[in-house]
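Novice: Structure for this input, please:
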Amino acid sequence: MRKSGRFVRGTVSLLLLQLQRRGFVGTLRKLASVAARPESYKHYLRYRSPVDLEAAPLLGNLGGYTFVPRKKPDDLETIIARMTHRPTFTIVVPLYNTPAELFSKMVESVLSQWYEYWELVLIDDNSPEKSVRESLGGLTDRRIKTILLNANLGISGATNAGLAKASGEYIVFLDHDDELTHDCLFELARCIEAEDADYVYSDEDKIRPDGGYEQPFFKPDWSPDTLMSTMYTCHVSCVRRTLAEDVGGLRSDFDGSQDWDFVLRVTEKAKRISHIPKVLYHWRMIPSSAARDITAKPYAVDAARRARVAALERRRHVGTVQAVTELPGYFRIHYALRGKPLISIIIPSKNNGIVLKRCVDTIVGRSTYSNVEIIVLDNGSTDEVTLEILRTLQVSPKIHIIQHDAPFNYSEINNIGVRAAKGSILLFLNDDTEVISPFWLETMAGYAQLDHIGAVGAKLLYPQGQKIQHAGVVNLACGPSHAFLLSDARDPCYFNRNLLEHNWIAVTGACLMIERSKFDRIGGFDEAFPVAYNDVELCFRVLQHGLFNVVCSAVELFHHESLTRGNDHENEQKMQRLTADRLRLFEKHPHYLRRDPYHNVNLHQNDPNFSIGV
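Specialist: Coordinates of the predicted model:
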């Protein structure tokens, strides 16, 4: 896990922050990121893990990546001997017509493990190719068990046959032509010893046909809503055996996405889920035109959809699994509202009447959900046009104007709005936003009502050019920043994070929804943050209360950023205040200093575009 370090306050950090906010991220991207190209998808043979279909990103080779095998510690035996708990592993591998060369490499990756407390269970699912059983017959290591099935049971049935013969404390799943890194089990054992995890997953990459490595997937820590969007945990996947037995193993009805269905059920019951931010698993890429077509396996796509329908039913959530237009074969969850809650939309404003009216008009005119109240906090407007617009707005019974003529304090203003609000759901909204998605309120509120969700954000776009203003906040070395700033709104970005619902460390207060009961529980906005980072600070406390933040990527609004107050980087005084606020943020929350559990330490710590770290 990432260790906290001294907060960077130097010229480089401030320069990066200024470049991000001033719109030079395109230049940063050219310097720090790589061009996205369609990925060559993994070839989904019967005895691979077809569930990985949706985990395969629309992303090209990340330039500069090379997997460097980690050096075995000189005191490895001493480290292992000192472990208070040395878990045993059963590595389960179902086989079907596995090429002899790839079989040999797969087995060798297990035999070469630094950590010796393992057994390997190989299950041949009645392969027509005789070479498979010939390969099995050549194995002599006593830690290897072989199962020869006389009838074809399919990938779930064959895997379950292996689980039935497992004696290890933990199960590790391995595809029949992939490889574990030499330190895979060692790292799993250390994680289990330290965290007593029920389920552990790691980062992964792919082996090219020429033997090189590319397309690493550097994953976030446990993100339940991300898992409902895409099978991101993928490989390596390690589960406590008793838990695997408790959930009933794999289910043949979901073959094609059986891993995803299994992990959804496992994580519902796991008490502790851990992520190791290291590549511990290599997929094998097989060149094939079909492998590049995500829709070439319609049974796997359907199984992935049904796995999430089943998850909704188990969890007693009412919702639908909807296709993502921009990503054929992908789906998102739309949670139905419980009841018809009143949503209180709280909008601070000052001398910005024309912009405010446009915002309110789009709320009233474009929204398909109508049980709302709009609370406008007038922070001392003096402009006559604005004052007239406020008088006009107040005629509506759904719009309430509250006067608060005091020095600007975003946190204080919003807390005043909450005290006047009657709704069970709160939406904090900037006056310089415009509704694009008619279904925005019920979509966001469906997430906000989930017991595990804290703050809900939306995708915000600049009005010109369909460029991203906000798709989630990432906590970089230079401080909280907007991920994928100025990327195209339809660009999938890193592993589809821009087009699918993901958990994030924070969302912007320009459009932030939260249940009132949760807002009250965490204590509302901290009024010690009058201008900057008040939204991030709120989201940090959401996480500390065991809740998750999420961005609904299907919900879009325009955001005319900084029309109300101007840009914080336009003069030295505002820059100094911004820096002071950032320091105060991490003084209050040192746990998140240079740490973002929804980013990854292997990614560049000063690039909001998730490029490979240097």
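
Novice: Can you tell me the SS state at Ala554?
Specialist: Here Ala554 is strand, with the state taken from DSSP: H, G, I helix; E, B strand; the rest coil.

Novice: what's the neighbour count on it?
Specialist: Using other CB atoms under 10 Å, Ala554 has 20 other residues around it. In this view, the C-beta of every residue, glycine as well, is placed from N, C-alpha and C.

Novice: What of Glu388?
Specialist: 11.

Novice: Tell me how far it lies from Ile354.
Specialist: As judged by CB to CB, to the nearest Å, Glu388 and Ile354 stand 11 Å apart.

Novice: what do you get for Asn571?
Specialist: Following CB to CB, the distance that separates Asn571 from Ile354 is 25 Å.

Novice: Please enumerate the helices of the stretch 401-550 of the chain.
Specialist: 410-420, 440-448, 516-522, 534-544 (DSSP state H, counting those that start in this stretch).

Novice: tell me which residues of the first one are tucked away?
Specialist: Buried residues in helix 410-420, counted by 16 or more other CB atoms under 10 Å: 410-418.

Novice: Dump those residues to a markdown table, plus pLDDT and distance to Phe558.
Specialist: Putting the buried residues of helix 410-420 into a markdown table (pLDDT from 0 to 100; distance: CB to CB, whole Å) gives the following:
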| residue | pLDDT | distance to Phe558 |
| --- | --- | --- |
| Tyr410 | 97 | 20 |
| Ser411 | 98 | 25 |
| Glu412 | 98 | 27 |
| Ile413 | 98 | 22 |
| Asn414 | 98 | 21 |
| Asn415 | 98 | 27 |
| Ile416 | 98 | 26 |
| Gly417 | 98 | 22 |
| Val418 | 98 | 25 |
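
Novice: now for those, which pair is the farthest apart?
Specialist: Distances among the buried residues of helix 410-420 were taken as CB to CB; the most separated pair is Tyr410 and Val418, at 12.7 Å.

Novice: shaky segments in the chain?
Specialist: 1-63, 287-296, 562-570, 614 (pLDDT under 70).

Novice: Tell me which residue of it is furthest from the middle?
Specialist: Most distant residue from the mean C-alpha position of the chain: Glu384, 46.1 Å away (CA atoms, centre = their mean).

Novice: Just give me the residue right at the centre of this structure.
Specialist: Short answer for the chain (CA atoms, centre = their mean): His502, at 4.0 Å.

Novice: any idea which element the nearest residue to that one once chain neighbours are set aside lies in?
Specialist: Spatial nearest neighbour of His502, excluding adjacent residues (CB to CB, 6 or more residues apart in numbering): Thr226 at 4.7 Å. Per DSSP states H and E: Thr226 is located in helix 224-229.

Novice: That helix: what's the following helix or strand?
Specialist: strand 237-240.

Novice: That following strand: partners in the sheet, and parallel or antiparallel?
Specialist: The pairing partners recorded for strand 237-240 under DSSP bridges are strand 170-173 (antiparallel), strand 199-207 (antiparallel).

Novice: possible to save those strands as TSV with distance to His470 and mean neighbour count?
Specialist: TSV is the format used below for the strands paired with strand 237-240 (distance: least, CB to CB, whole Å; neighbours: other CB atoms under 10 Å):
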stretch	distance to His470	mean neighbour count
strand 170-173	37	25
strand 199-207	26	24
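
Novice: Can you list the residue ranges for strands in the stretch 1-150 of the chain?
Specialist: Remark: strands assigned in the stretch 1-150 of the chain by DSSP state E, counting those that start in this stretch are 89-95, 118-124, 144-148.

Novice: The closest residue to Gly472 other than its chain neighbours: how many residues sit nearby?
Specialist: If the residues on either side of it in the chain are set aside, Gly472 comes closest to Trp504, at 3.8 Å by CB to CB, 6+ apart. Counted by other CB under 10 Å, the residues lying close to Trp504 total 27.

Novice: Repeat that for Gln403.
Specialist: Gln403 has 12 nearby residues by other CB under 10 Å.

Novice: right, and it touches Thr382 too?
Specialist: No: at 12.0 Å, Gln403 does not count as touching Thr382 under the criterion of CB atoms under 8 Å.

Novice: Do I have it right that Phe217 meets Asp203?
Specialist: Yes: the pair formed by Phe217 and Asp203 meets the contact definition of CB under 8 Å, at 6.1 Å.

Novice: who's in contact with Leu499?
Specialist: 324, 326-327, 330, 490, 492-493, 553 (CB atoms under 8 Å, 6 or more residues apart in numbering).

Novice: follow-up on the earlier one: contacts only, for the residue nearest to the centre of the chain.
Specialist: 220, 223, 225-226, 229, 472, 550-551, 553, 598 are the contacts of His502 under CB under 8 Å, 6+ apart.

Novice: Pipe those residues into CSV and attach neighbour count and distance to Ala197 per row.
Specialist: Converted to CSV, the contacts of His502 look like this (neighbours: other CB atoms under 10 Å; distance: CB to CB, whole Å):
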residue, neighbour count, distance to Ala197
Pro220, 21, 16
Ser223, 22, 16
Asp225, 22, 20
Thr226, 23, 18
Ser229, 24, 23
Gly472, 26, 26
Val550, 28, 23
Val551, 31, 27
Ser553, 23, 29
Tyr598, 24, 18
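
Novice: Format those as TSV; extra columns: distance to Gly162.
Specialist: Formatted as TSV, the contacts of His502 follow (distance: CB to CB, whole Å):
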residue	distance to Gly162
Pro220	30
Ser223	29
Asp225	31
Thr226	28
Ser229	29
Gly472	39
Val550	36
Val551	39
Ser553	38
Tyr598	33
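
Novice: Most widely separated two among those?
Specialist: Taking CB to CB, no two of the contacts of His502 sit farther apart than Pro220 and Ser553, at 15.1 Å.

Novice: neighbours around Lys105, how many?
Specialist: 17.

Novice: doesn't Phe331 make contact with Asn496?
Specialist: No: using CB under 8 Å, Asn496 makes no contact with Phe331, being 11.7 Å away.

Novice: overlap in contacts of those two?
Specialist: With CB under 8 Å, 6+ apart as the test, Asn496 and Phe331 both reach Ser229.

Novice: Can you pick out the residue with more neighbours from these two?
Specialist: Remark: of Asn496 and Phe331, Asn496 carries more neighbours, 24 against 21, as counted by other CB under 10 Å.

Novice: Could you check how far that one is from Ala100?
Specialist: From Asn496 over to Ala100 (counting by CB to CB), the distance is 36 Å.

Novice: Also Arg208?
Specialist: Taking CB to CB, one finds Arg208 at 20 Å from Ala100.

Novice: same check, this time on Asn371
Specialist: 65 Å.

Novice: quick one: which of these two has more around it?
Specialist: Just comparing Asn371 and Ala100: by other CB under 10 Å the higher neighbour count belongs to Asn371, 16 against 13.
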